[in-house]
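> Okay, here's the prediction I keep looking at, along with the sequence it came from:
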Amino acid sequence: MKKLLVILFIAFGALSTQAQELEWHTDIAKATSLSESTKKPLLMFFTGSDWCGWCMKLQKEVLKTPEFAKWAKENVILVELDFPRRAAQSPEIKNQNAQLNQFFKVRGYPTVWFAKASKNSEGKIAFDALGSTGYVAGGPTPWLDGANKIIKKS
């Protein structure tokens, strides 16, 4: 019985570690360069990480699951655009996030936009918006089904 518990604990730990290995970018310029080189669209997660209950629910039920981690590594470049109330952010990140919030006309949190991004000859970033989603009840499977429909448009 003890051996079974140890095996289950190790298996659960491995799954949790896999979900935590995802790299969430906060610099849109770096994420755009990576998106261009890998030919993967951006997944831009607009969130209020320290105050938005629905954002926390989306994180727990979808974005921190092994299913999402596997899917994300294969399909998208992850970008977190946070609007915290208590956590400190640099002025550059605040400004970048506010500009993207305005560009994508985000009306509430959580909002997840999928987009192709590229830099023009002047170094400015251009976006080709593919679609958006938010919290979807039912865990990772229905959320990922919706995300796949959006990114297949590209």
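The structure has been received and is ready for your questions. Numbering: from 1, shown residues only.
> C-alpha from now on. contacts and neighbour counts both.
Will do.
> burial of residue 77, as a residue count?
For residue 77, the tally of surrounding residues (other C-alpha atoms under 10 Å) stands at 25.
> give the contact list for residue 63.
Contacts for residue 63 (C-alpha atoms under 8 Å, 6 or more residues apart in numbering) come out as 69, 140.
> Sorry, slip of the keys, the one I care about is residue 115.
Taking C-alpha under 8 Å, 6+ apart as the test, what residue 115 contacts is 41-44, 127-131.
> tell me the strands in the chain, going along the chain?
42-47, 77-82, 111-119, 125-133 (DSSP state E).
> need the contacts of residue 115 in CSV with pLDDT and distance to residue 59, can you?
Converted to CSV, the contacts of residue 115 look like this (pLDDT from 0 to 100; distance: C-alpha to C-alpha, whole Å):
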residue, pLDDT, distance to residue 59
41, 98, 20
42, 98, 17
43, 98, 14
44, 98, 13
127, 96, 25
128, 96, 25
129, 97, 22
130, 98, 22
131, 98, 19
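> Nearest to residue 103 among the strands of the chain would be which one?
Nearest of those to residue 103, taken as C-alpha to C-alpha: strand 125-133 at 9.5 Å.
> Name the residues that touch that closest one?
By C-alpha under 8 Å, 6+ apart, strand 125-133 touches 29, 32, 111-120, 146-147, 150-151, 153-154.
> who does that strand pair up with?
Strand 125-133 has its sheet partners listed here by DSSP bridges as strand 111-119 (antiparallel).
> Quick one: mean pLDDT for the strand it pairs with?
Mean per-residue pLDDT for strand 111-119: 96.
> quick check: angle from it to strand 77-82?
Computed by axes from the mean of the first three to the mean of the last three C-alpha atoms, to 10 degrees, the angle separating strand 111-119 from strand 77-82 equals 120 degrees.
> now the angle from strand 111-119 to strand 42-47?
Calculated by the same axes, to 10 degrees, strand 111-119 forms an angle of 140 degrees with strand 42-47.
> Can I get strand 111-119 in CSV, CA atoms only?
Provided in CSV are the C-alpha atoms of strand 111-119 (Å, rounded to 0.1, in the frame of the first residue of the first chain):
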residue,chain,number,x,y,z
THR,A,111,-9.8,37.4,-22.2
VAL,A,112,-7.5,35.3,-24.4
TRP,A,113,-6.7,36.5,-27.8
PHE,A,114,-5.0,34.4,-30.5
ALA,A,115,-3.1,36.3,-33.1
LYS,A,116,-0.3,36.1,-35.6
ALA,A,117,2.3,38.8,-35.1
SER,A,118,5.1,40.1,-37.3
LYS,A,119,7.5,43.0,-37.2
